[in-house]
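Asks: Mind folding the following:
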Amino acid sequence: MAFASKEDSRIRMVALTINGMDNIVWYSPIRGNKKSDDVIINGMLYRFQARPEIKYVNKIQFYNNIGNNELIREYQIR
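Replies: Below is the predicted model:
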């Protein structure tokens, strides 16, 4: 089984970048699907903030990846 996947991960993170750059999309670990939204989001945010790409990000959005794709949480970085 994959670590994360577009079809099976419960939460999708979209990092909206500065003009001219592609947005960054991450999917939550599949093995964490039974955890609460807060636990999954905090873990993804913690890991992403350690990445060098964070300096190009304006906003980070978290969506329900299974079902209705509704926005769960949003963080303004800049």
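Asks: Would you mark the buried spots in stretch 24-32?
Replies: Across stretch 24-32, burial judged by 16 or more other CB atoms under 10 Å covers 24, 26, 27, 28, 29, 32. The way it works is simple: take the backbone N, C-alpha and C, and place the C-beta from them, glycine included.
Asks: If you could redo that for stretch 42-49, that was the one I meant.
Replies: 44, 48.
Asks: Just the mean pLDDT for it, thanks.
Replies: For stretch 42-49, the mean pLDDT works out to 96.
Asks: which residues touch that stretch?
Replies: 11, 13, 15, 26, 28, 29, 32, 54, 60, 62, 75 (CB atoms under 8 Å, 6 or more residues apart in numbering).
Asks: Would you list the phi and psi of the nearest residue to residue 18 once chain neighbours are set aside?
Replies: The spatially closest residue to residue 18, leaving aside those adjacent along the chain, is residue 56, at 5.4 Å (CB to CB, 6 or more residues apart in numbering). Reported as degrees, to the nearest 10, the phi and psi values for residue 56 are phi -100, psi 10.
Asks: Using a markdown table, lay out the buried residues of stretch 24-32 together with secondary structure and distance to residue 69.
Replies: Shown next, in a markdown table, are the buried residues of stretch 24-32 (DSSP: H, G, I helix; E, B strand; the rest coil; distance: CB to CB, whole Å):
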| residue | secondary structure | distance to residue 69 |
| --- | --- | --- |
| 24 | strand | 17 |
| 26 | strand | 15 |
| 27 | strand | 13 |
| 28 | coil | 14 |
| 29 | coil | 19 |
| 32 | helix | 19 |
